[in-house]
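> Here is the input, now give the coordinates:
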Amino acid sequence: MTRITLPITVVVQGSVLTRSSSIAGLGVDALMAVGKFKDNCTGVVGKRYYLPGRLVKGLLREAWQELSLVETSYSGLIPIWLGDESLHDSEDEPLRGRLIFSDFADSSTPVGQDNLRYRIGIDEERGAVDAGKLQVIESPYAPFQTVEFHGEVRALACTGEDTAHMAEALHRGLLWIRAVGATRTSGFGKVLDVKVLDANVGSQPPRPPVQNSLAGSRWNLRLSFDHPVILSKRRIADNLFESGDVLPGAALKGAIAGMIKREPAFAQLMAELSKVRFTHGFPAKTGDPRPCQWPLSLLSFFRKSIGKNEIVDVIRLKEPLLIEDCAGAFEIDWKDSAKHEDSDRVRVRTAFGWPKKMNRELRVRTAFDSTIRKSRDEALFAWQMLDPHGMEWVAQADTSTLSAAAREQLETVLRFGVEPLGKTKALAAIALSDAESPAVEPAKAWVVTLQTPALLINPNRHLAPDGRIGSAGEDDLRSEFRAAWSELSDGTLKLVNYFQRCSLGGGEYFRRRFAGGRAVYKPYLLSDPGCTFLLEPVEGKETQALHRLREWLARGLPLAPSVLDFYGIANNLATMWQQCPYIPENGYGEIAVNRKTPFREV
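Numbers count the residues shown, from 1 in each chain. As a prediction, the model looks like this:
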């Protein structure tokens with residue numbers, strides 16, 4: 001396996017415009033796109049005008065399509081190096097291209113120049129100015145000014161694979177592009193030259209780790225990115241891809257599997273990868289500890305004596321209680337105050353180590369029809385990406401079940417850097433260190449808080465035993481959770497109190513990828529992060545209960561036999577990931593036990 005990084009310079013003649021999604025000032029219709037880029041020499045992050053990498057990739061696809069009319073080999077490069085749409089009659093498996101394009105930044109032109117250009121629309125019938133068709137655009141480049149945009153194209157190549165033809169085809173395709181950016185048919189953004197570094201110069205093979213570099217089998221992972229990322233999150237619209245804050249462990253494991261599946265040198269790791277447990281990556285400022293999920297048992301109420309809201313933890317309360325004649329509000333009812341810093345949600349996030357604010361960038365795009373050289377109808381979509389500068393995503397890997405050879409291979413891959421991650425196909429640089437083994441102390445009762453979603457409930461047991469959805473009540477839900485914890489602990493733990501919230505996971509993509517030929521599709525009923533349970537040991541089984549909690553803390557909550565049976569999942573770790581994504585080895589079912597909170601208990 002070799003990572004090939006090809007620095008590319010696209011030389012463009014001004015004027016040039018790639019439209020920003022930001023709102024322009026009064027009277028200005030279009031702004032030049034501006035993004036944050038890290039200087040490779042100084043490490044300083046600054047704002048730069050840029051050409052989107054997706055734009056360059058799309059133009060390269062058009063160029064290869066045109067060149068394939070005279071050289072048929074180019075048509076074969078498109079699905080391999082640039083990817084293609086998933087086949088709708090298949091399992092919806094993505095057909096990803098191997099080339100990953102960064103944005104192309106201009107490092108020489110200062111951002112914020114107040115240069116405007118005016119354009120008008122002409123009525124085709126009259127040949128005169130059309131009414132209301134004056135357009136004002138930002139133009140940081142003078143006519144005929146030469147501008148260099150610098151970016152890179154990455155690709156993972158198998159050992160021994162000849163990639164010289166890839167660099168040559170890339171160079172020829174980019175040279176075939178006539179112009180880039182908006183209004184290119186009007187003379188904007190003419191491409192004058194393209195410079196591509198030789199593939200052999202930019203290649204980087206993985207290096208074996210230093211002997212005994214990691215002493216234990218549990219590792220801390222700190223992932224950092226140089227380019228915007230989009231992490232998976234429940235979609236609220238078909239054309240809006242909004243990034244979540246958390247990097248799923250399944251995404252990290254899937255990226256590793258994609259990197260090594262064609263590499264004989266990593267055959268042992270590929271055979272044992274299903275045994276590795278990756279926890280979710282939680283965001284933190286660079287160097288800060290990993291945040292933790294706050295419990296849903298937190299209650300906010302207005303304390304008259306201090307004149308502001310106070311937050312308390314009520315998990316140990318057996319009955320509802322008025323505090324200073326106030327019922328209080330749980331998280332679902334928290335409102336942001338006029339002063340954002342004083343809102344309950346921000347106070348809690350900060351207290352549990354989460355960043356106060358995650359910077360985001362919205363990019364609105366559209367697909368183009370190459371035959372008419374115009375936007376495709378109903379193809380507008382938007383990306384809301386995370387700005388990763390100054391941030392790290394902190395996760396853990398449990399390799400205790402791996403052989404020594406597989407563990408060494410995994411460390412090699414992690415230190416090499418993992419990609420592609422998220423919708424932007426980002427490359428994660430990973431810093432590794434040994435992690436402490438989690439501990440659970442003996443106690444009369446334990447507070448268990450879910451850090452990630454967990455598949456705990458068997459809906460067919462108490463919530464819908466007769467098949468009628470929506471007929472269950474509060475007593476049925478309590479009975480189900482009592483049964484769930486008793487089953488998971490082999491009858492050594494009993495539920496005393498709980499605060500929970502559930503969500504449905506699934507959809508067309510999940511039905512295609514994970515149904516496994518099952519006749520009936522069942523969405524997953526997940527317990528959300530923050531669900532909190534007060535558990536006590538069954539009398540006479542204190543030692544077994546403590547052992548079970550320590551096992552869960554180290555490996556995550558397993559899927560109970562009744563849950564496996566309800567969803568039709570085979571109890572085989574080697575193949576379970578193919579039938580259900582919500583397994584502990586993918587980071588789901590992570591718990592915290594008796595973790596001290598910054599807020600007092602009542």
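
> Need the CA coordinates for stretch 52-60. PDB is fine.
C-alpha atoms of stretch 52-60 as PDB (Å, rounded to 0.1, in the frame of the first residue of the first chain):
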ATOM      1  CA  PRO A  52     -13.400  23.700  -5.000                       C
ATOM      2  CA  GLY A  53     -11.800  20.300  -5.500                       C
ATOM      3  CA  ARG A  54     -15.300  18.900  -6.400                       C
ATOM      4  CA  LEU A  55     -15.400  21.400  -9.300                       C
ATOM      5  CA  VAL A  56     -12.000  20.400 -10.600                       C
ATOM      6  CA  LYS A  57     -13.000  16.700 -10.300                       C
ATOM      7  CA  GLY A  58     -16.200  17.300 -12.200                       C
ATOM      8  CA  LEU A  59     -14.400  19.100 -15.000                       C
ATOM      9  CA  LEU A  60     -11.800  16.300 -15.200                       C
END
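
> Flag every buried residue along that stretch.
Pro52, Gly53, Leu55, Val56, Lys57, Gly58, Leu59, Leu60 (16 or more other C-beta atoms under 10 Å). All C-beta spots, glycine's among them, are computed from the backbone N, C-alpha and C.

> name the element the fifth one belongs to?
So the one you mean is Lys57. Per DSSP states H and E, Lys57 falls inside helix 53-67.

> if we can go back for a sec, could you dump the buried residues of stretch 52-60 to a markdown table with pLDDT and distance to Arg277?
What follows is those, written out as a markdown table (pLDDT from 0 to 100; distance: C-beta to C-beta, whole Å):
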| residue | pLDDT | distance to Arg277 |
| --- | --- | --- |
| Pro52 | 93 | 36 |
| Gly53 | 93 | 33 |
| Leu55 | 91 | 39 |
| Val56 | 94 | 38 |
| Lys57 | 93 | 35 |
| Gly58 | 91 | 39 |
| Leu59 | 92 | 42 |
| Leu60 | 94 | 39 |
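
> Skip ahead from the helix holding Lys57 and say which helix or strand is next.
Downstream of helix 53-67, the first helix or strand assigned by DSSP H and E is helix 73-77.

> could you say what helices and strands that next one packs with?
When contacts are defined as 3 or more C-beta pairs under 8 Å, 6 or more residues apart in numbering; DSSP states H and E, helix 73-77 packs onto helix 53-67, helix 164-176.

> can you list the residues that contact stretch 308-315?
For stretch 308-315, the surrounding residues in contact (C-beta atoms under 8 Å, 6 or more residues apart in numbering) are 295, 297-303, 321, 323, 342, 344, 347-348, 447, 497, 499, 532, 534, 597, 599-602.

> Just the buried residues of that stretch, please?
Asn309, Glu310, Ile311, Val312, Asp313, Val314, Ile315.

> Got the confidence number for the residue lying closest to Glu601 once chain neighbours are set aside?
Spatially, and ignoring its direct neighbours in sequence, Glu601 is nearest to Asp313 (4.7 Å; C-beta to C-beta, 6 or more residues apart in numbering). pLDDT recorded at Asp313 is 90.

> Distance check, Asp313 against Lys374.
Look at Asp313 and Lys374: by C-beta to C-beta, to the nearest Å, they are 58 Å apart.

> want to try CSV for the buried residues of stretch 52-60, with distance to Glu125 as columns?
Below are these laid out as CSV (distance: C-beta to C-beta, whole Å):
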residue, distance to Glu125
Pro52, 36
Gly53, 40
Leu55, 33
Val56, 37
Lys57, 38
Gly58, 33
Leu59, 33
Leu60, 38
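
> what secondary structure does the nearest residue to Leu573 once chain neighbours are set aside sit in?
Residue nearest to Leu573 in three dimensions, not counting chain neighbours: Ser274, with 5.9 Å by C-beta to C-beta, 6+ apart. Of the three states, Ser274 takes helix according to DSSP: H, G, I helix; E, B strand; the rest coil.

> Touching, Gln384 and Asn359? I think so.
No. If you go by C-beta atoms under 8 Å, Gln384 and Asn359 don't touch, sitting 11.1 Å apart.

> mind giving me the domain split of this protein?
2-204, 218-289+380-434, 298-351, 446-593 (automatic domain parsing).

> could the ones you listed be laid out in TSV, adding distance to Val210?
Output for the domains of the chain, formatted as TSV (distance: least, C-beta to C-beta, whole Å):
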stretch	distance to Val210
domain 2-204	18
domain 218-289+380-434	9
domain 298-351	38
domain 446-593	26
